[in-house]
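Visitor: Sequence and computational prediction follow.
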Amino acid sequence: MKRQDVAFAAGAIVVLLMGFGAVHAVANPYFFFAGYVIVQYVVLATAWNILGGYAGYINFGPAALYGAGVYTSALLLKAFGAPLVVNIVAAGLVGMVLGLMMGYLTLRVQGVYFAIATIALVIMLETVVHNIEYLGGARGLALIAPEPPAWAVGRTQFVFLVLLAIAVMSVALARWIERSWIGRGLRALRASEEAAECAGVATLRLKLAACAVSGALLAVAGAPYIYYASYIDPGSAFSLTLGLNTIAMPLIGGTRSWAGPVIGALLLASVQQAATVTISSELNVLMVGLALIVFIAAAPDGLIGLAERLRRKMHA
Amino acid sequence: MISRRRFSKIAAGTGLALAAPALSTSSLAQAQPIKIGTSISLTGPLSGTKNALTGYQLWRDDVNAAGGLLGRPVELVTYDDQSSPAQIPAIYSKLVDVDRVDLLISPYGAVLSAPVMPFVKQRDLFLVGMFALAGNDTVRHDKYFHACPWGPNSQVNWARGFFDLARAAGCTKVAIMSADIEFAKISAAGGKAISEEYRMSVVYDQSYPPNQTDFSAILRNIRAAQPEAVFVCSYPPDSTALIRGLSEVGIGDSVKIFGGSMIGLQYASLLANIGPALNGIVNLHLYVPEPTMRNPAIDGFLARYEPLARAQQLDALGHYVPPFCYAAGQIIEAGVKGANTLNHAQISRYLHANPVQTIVGRATFNELGDWTEKRVLMVQFRGIRGRDVEQFRQPGRQVILDPPPLRTGELVAPFGAARSG
Amino acid sequence: MFLEILINAVATGLLLGSIYAALALGLAVTFGILHIPNIAHPVFVVLGAYLAVVANERGWDPILAALAGALPFYLLGALFYEFYARVFERRGEADTMQALTLFFGVSLVVETALVLKFGTNQQTVDVDYVGQSLRIGLLVMPYRLLVPALVAPVMILTLWAYLKFTYAGIAIRAAAHDVRALQVSGVDPHWIKRHAFGIASVTALVAGAILVIIGPVDPFSGRLQIGRAFAVVILAGMGAVPGTILAAFIIGVAESLVSAFLNPSWSPGVAFLILLATLALKPQGLFGASR
Amino acid sequence: MNRLVIEGLEAGYGAVSVLRGISIEVRQGELVALLGTNGNGKSTLLNAILGFVRPTAGRVVLEWDGQTIDLTGAPPHRIVDAGIALVPEGRRLAPNLTVEENLLLAGSGRRARRDARRNLGFCFETFPILKERRAQRAATMSGGQQQMLAIARALMTSPRIVLIDEPSLGLAPIAVTQVIATIRSLQATQNLTIVIAEQSVVQAIDISARAYVLAHGSILRTFARGDSAADLDDIRRAMLGVGESRRPTEAAQ
Amino acid sequence: MSEPVLAVRDLTKSFGALRALGPVSFALRGGERLGLIGPNGSGKTTLINCLSGTLRADDGRIWFAGRDVTNVLAFKRARMGLARSFQIPKPFVGMTVLENVLVPLDQIGDGSDHEARAMAILRSVRLDARAGDDAKRLSHLELRKLELARALVGAPKVLIADEAMAGLSEPEIDEILAILQRLSEAGVAVIMVEHIMHAVMRFSQRVICFETGQLIAEGTPQEVAEDPLVQKVYFGEPARH
């Protein structure tokens, strides 16, 4: 148990150091453009899975929280020229509040209704942004981010490193939650809310906490985007495709442990990055659709579940 | 390698270029190609512009047939951006950092090019702009050259033609409606600015969601405001629905001129689809087959485009996007040949100093890379009958009202009369 | 003038509402009665619209084309249910997340198939009544909306009568509450659900024909309708077929009034606001007293 | 001879085994009772006969009109179609349907449809209250009326054998008497074959030809009319777990 | 006689027009073994749900361990030592047996070594060998034991065992009874809700019988079994002949 923690911490530090090293060693910036997208998916998948995987509440509108993060950050940058760290914290807070609102919904509705309500949240927020002139409305908002610090080599490298740090922290947080009493409580209430309650689990509080943490991290994932793309628009910030991918990744990897979303994200994002430039985008989307169907039908516990099943079969 | 390059340089420099076609098959094939990179919206909501690729390809074929650039063949490197700005940064980085392209062309429109602008500014790269309104106004990059004739200060000016016509027709009250889409919002803002400048009162100003299918409420509200000019900034899906709404609920007798900035009324499928209901509408275009526009170059281009379009199920007319893609190539061609190098600074310096003759007209660039002269057309649809696409290849159906040097007819007003006529 | 705008806004809202009801009808069966969250339903509507377009190119009226295509669409829907049941049968109870994701995957595949076959261009139909309006005093009603708005209630009433007066219809309604009641009555619940899915899919076809008469359709048009369709079904109270019409009227008129008097830009949010409010305040819907 | 034969039936829910080798036989025209307190497997037995619970061992065979139909593991609608009807515990009516719709639904089976009109007439004749309230939603009826409806629904399937699970459960005493009387008269006048599961030993034994006492998933003993009152008392004590007893397993062996 | 550890007074609960429970009053002494019987639908489950707090009673009061807990939420009652098991086992599937037991331990954590304590509890019900297995792979008996183990970790003052023996074989019933017996000896008051009569009667010091939401009989097992009302409830009206 302890040894695993040490190994994980060491792994996390290695990833960060490798990221930092790569920024200085790899001259080709494309690596970081593509890397940003992949790391962003890791954050999104991990964040989503805290509520969707551990607690079993399906947030079908992760794009609402991501978009809220994107726009919070852009708003602060435009209004005050706030530094990225401040924007990330602010996006996290906004995501947390929205997450708590979603958590309130779990009191009233469950299952499909919760999922549908979260879809509604995306459209509502997008409509609101459309009608706020200051945020550029439907026109979008082009902002040039301030110069990055010198140690980060370049702008893209800088946001890549920031996002990498966020990703490492998100995964560490997800892992901690999973292994702590909180994760146990969440999984217990996923199995049976009534039994969990009767085992002394404060189910309501835990659900709210999961919604808040998941919401905050989803929003944080969007905070650096304006620095990356220099331009945001409602269509990209509240993108249906992004939401879909966010859900698909943990499902492909496996929702029960922190490693599932990470594996799913690395896999899907890399394949998509490669596919964008090799095969037609239609086939790209078709691939995601088919992957979803195949995984639901054949491997409901994702790649990790599949691997475990195979291992058990080999032992038996 | 070096010697071959030097040879090409000498060849080009000493007027041996005339002999280049003869050399092309042997030496051109061996030369290191010049790579030109861009992204095209092959999929997604902007995939109506995917015929851009044909425009680029035709130019590439022409330039290679004529011996290439600097004695080297031209090669296109293109990716599908799925109409999504989120894809753009990675694609352009890949073009520059992985594919090592020599020159860049922007993706289509303001939304997709917005993420490219800071990138080229930071890397100090040459970029040919495509269709973005006011694309360089924020970044103010000195190596940006627009292939489209929006003209200077385009955000405000590019639709000025419509308001010039409205003012000439004596309009004082204007209604502005726009889709919740970047391009439409920018044009609406420009329209508002000009209305103010011309002291017209804006009696209606609202936007609607991009997929609005029923315009009866909006049209009734506009009719209630009794405007004389209606400036419409719409996108393909709603353009059709809006025009249908016009026939169904009408717009009132006060309106003298209607249209302005409706995207979609340049596409063959939409034009054919709407048919006679187009009559009377005054709308922007960049090329129509009117006598003042035609020349052998563009005619030849369109003649070659047509069979390709049929084979690949592209827009049958190809008036809107492809000629300007060809022109983008011509701008690159002129810059590279003129500066006789692939050095971005030198190409830019050359293009700032010299006009370029393209198949869509002569382009002179200002300090922001916009054409010094606005050459957006305001055309009025006349005598459209049935749903045959061929009629849009004939003169007299899309009469040019503005700019004056290209004019082929006068505004027919009021709008009601123009519709029935 | 105000009066004219108001009257016409309400009239347009009712027309739109009638059409929304048609869009949501299949969902009222699959989701409302069978509790299967078929978010792929709107995509089937779009598929139906494309069928109407293809038939229209050969000179068919879209509505007639829909009637002609009913059988293949019925089979398609039945096959779709069979697939769904096969996937989840082995696991007993269907996990909501997995069911939703499965339907999402199916939506993507159908959308992409449409893109690959027809491209992303908008498709329209060519019928005589488009572009004309019925004028009664101040009231102006475009036939483009009026015809679909009349077809929709006919379809809804037909389905209602089917559910009310036939054995299969009664069985479908019984399936809403207690599968055991069906089995004890000697009815195969699997067959009934498959049948209901087939019917829902036929309504999707008709709704698709209606959709393409109203305006242009592209492969992604379904996405806009997901929320609206669910809003109608949930507001109506799961599975209440006559309630579906009223709920759809409420949403249609609300959108139309917002469009006319506030700002059209806000109208996409209306359906979702109503949906959220329903979920938060009265999750059983307007007519959902029985649950 | 027309009869239903159950041989060595074992069944349960998931990992829980409830029935442990039950063998009984029901002949045409008989009224047979299954006795036992809750949790001893009466309902599970009926549900296993009807196919709701999949047997893990044993057979359910219907021998009727010269045909032998093996119903083991068949889906419920097939079993109903073969002529076995169930009046389930908790009645399981479709609450949103009217009385008449509930009846029509049960008359929609392949075999039953031929006689649906006649059966409906018979049901309305037997239960006038149902005719009176034919348009009323099932959920709004009183418990006794719902029980009548559930029995009538079983009759609509043109059954050869009717299984009735705890008809007296949750009913007022007067309703119990009524329901029991109805069942008895159905058996007497229509020559219906009936299996009734009850924990009210007294009533059940009163009307049945034969009773099987179920304890803990096995048949503890068989009890026939005319057995001594002392035996009856014995059973009652055993069922309440306070007999000198004889733990059920020992007794069963 | 020790003080009552759990007491209810005039507890009622209705679902719509149906009065499912009460008014009912009774008390449970510390360490007592109480049997709760009654036919299906007699209100037993409603009573348990009201006691454990998953249902809110309409009226009446509940005292537990000297506190009025009528308005205390279910999870807090559980933490106070009011434990229950479920008629249909509700294991936390997707978690190991050990984790299943850690869940309630987490909630009352006092910093001592949870895993050791959890293992000790699993040993006491002889589930320790399966500590690392997913709960969904357990046999029925093991699930029943897991239910009890989960209820036991909080060192409860009261355990409500809701049909903890349903579906078990005789030897298995004996095993569960032995566990409950040991608990009782350790001072835990047990309410056994059960249809397996011989088990209730053997185990209980006192039995109460419910019918249509009312408490109709109370006394020693023998007394209750002989009670004419109980007999009537179970076996119907006395024979007329």
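Guide: That came in fine, so what should we check first? Values in this document were obtained by computation on a predicted structure and should not be read as measured data.
Visitor: Assess the claim that residue C:123 and residue C:49 are in contact.
Guide: Yes: Residue C:123 lies in contact with residue C:49 (CB atoms under 8 Å); the separation is 7.3 Å. All C-beta atoms are positioned from the backbone trio N, CA, C, and that covers glycine.
Visitor: Okay, strands next: where are they in chain E?
Guide: Per DSSP state E, chain E carries strands over the ranges E:4-15, E:18-29, E:33-37, E:59-64, E:67-68, E:82-85, E:158-162, E:189-193, E:206-211, E:214-219.
Visitor: looking at the ones you listed, which is buried most?
Guide: Mean neighbour count (mean count of other CB atoms under 10 Å in any protein chain shown) peaks for strand E:82-85 among the strands of chain E, with a mean of 28.
Visitor: Give me the helices and strands touching it, please.
Guide: Helices and strands touching strand E:82-85, as assessed by 3 or more CB pairs under 8 Å, 6 or more residues apart in numbering or on different chains; DSSP states H and E, comprise helix E:44-52, helix E:140-152, strand E:158-162.
Visitor: hey, what's in contact with both of residue C:123 and residue C:49?
Guide: By CB atoms under 8 Å, 6 or more residues apart in numbering or on different chains, residue C:123 and residue C:49 have these common neighbours: C:212, C:217.
Visitor: Comparing the two, which residue is more hemmed in?
Guide: residue C:49 (32 against 23; other CB atoms under 10 Å in any protein chain shown).
Visitor: Assign a three-state SS to the more buried one, would you?
Guide: The three-state label given to residue C:49 by DSSP: H, G, I helix; E, B strand; the rest coil is helix.
Visitor: Looks like it contacts residue C:118 (just checking).
Guide: No: applying CB under 8 Å, one finds residue C:49 not in contact with residue C:118, separated by 10.7 Å.
Visitor: quick one, what contacts the nearest residue to residue C:108 once chain neighbours are set aside?
Guide: The shortest distance from residue C:108 to any residue other than its chain neighbours is 3.1 Å, reached at residue A:289 (CB to CB, 6 or more residues apart in numbering or on different chains). If a contact means CB under 8 Å, 6+ apart, then residue A:289 has C:104, C:105, C:106, C:107, C:108, C:109, C:112 as its contacts.
Visitor: that older thread, looking at the helices and strands packed on strand E:82-85, which is nearest to chain C?
Guide: Of all these, helix E:140-152 sits nearest to chain C, with 16.5 Å by CB to the nearest CB.
Visitor: That closest one relative to strand E:158-162, how many degrees between them?
Guide: Interaxial angle, helix E:140-152 versus strand E:158-162 (axes from the mean of the first three to the mean of the last three CA atoms, to 10 degrees): 150 degrees.
Visitor: In the stretch 101-250 of chain B, what residue spans correspond to strands?
Guide: Using DSSP state E, counting those that start in this stretch, the strands of the stretch 101-250 of chain B run over residues B:103-108, B:127-130, B:144-146, B:173-179, B:201-208, B:229-234.
Visitor: could you give the mean pLDDT of the shortest one?
Guide: Pointing back at strand B:144-146 there. Averaged across strand B:144-146, the pLDDT comes to 94.
Visitor: what's in contact with that strand?
Guide: Applying CB under 8 Å, 6+ apart, the external contacts of strand B:144-146 come out as B:117, B:120, B:126-130, B:132, B:135-136, B:331, B:335, B:348, B:351, B:365, B:368-371.
Visitor: which neighbours does that strand have in its sheet, and in what orientation?
Guide: According to DSSP bridges, strand B:144-146 forms sheet pairs with strand B:127-130 (parallel).
Visitor: Any regions of the stretch 101-250 of chain D where pLDDT drops low?
Guide: Scanning the stretch 101-250 of chain D for pLDDT under 70 picks out D:170, D:226-230, D:241-250.
Visitor: go again using 80 as the cut-off
Guide: Low-confidence segments of the stretch 101-250 of chain D (pLDDT under 80): D:168-177, D:199-207, D:215-216, D:223-250.
Visitor: what does the stretch 201-316 of chain A put close to chain E?
Guide: Contacts of the stretch 201-316 of chain A with chain E, taken as CB under 8 Å from any CB of the partner chain, map to A:201, A:202, A:203, A:256.
Visitor: tally of neighbours for the second one?
Guide: The number of residues packed near residue A:202 is 20, by other CB under 10 Å.
Visitor: Let me see the contact set for it.
Guide: Here residue A:202 is in contact with A:185, E:73, E:75, E:107 (criterion: CB under 8 Å, 6+ apart).
Visitor: And the third one, by the same measure?
Guide: Contacts for residue A:203 (CB under 8 Å, 6+ apart) come out as A:185, A:189, A:193, A:196, A:197, E:75.
Visitor: Can you convert those residues into TSV and add a column each for pLDDT and secondary structure?
Guide: Putting these into TSV (pLDDT from 0 to 100; DSSP: H, G, I helix; E, B strand; the rest coil) gives the following:
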residue	pLDDT	secondary structure
A:185	92	helix
A:189	88	helix
A:193	86	helix
A:196	90	helix
A:197	89	helix
E:75	90	helix
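Visitor: Generate a PyMOL selection restricted to the buried entries among those.
Guide: Those of the contacts of residue A:203 that count as buried under 16 or more other CB atoms under 10 Å in any protein chain shown are selected in PyMOL with:
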select buried, (chain A and resi 185+189+193+196+197) or (chain E and resi 75)
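Visitor: helix or strand for residue D:219, which one?
Guide: Counting by DSSP states H and E, the element that carries residue D:219 is strand D:218-224.
Visitor: nope, residue A:118 is what I was after
Guide: Going by DSSP H and E, residue A:118 is part of helix A:111-130.
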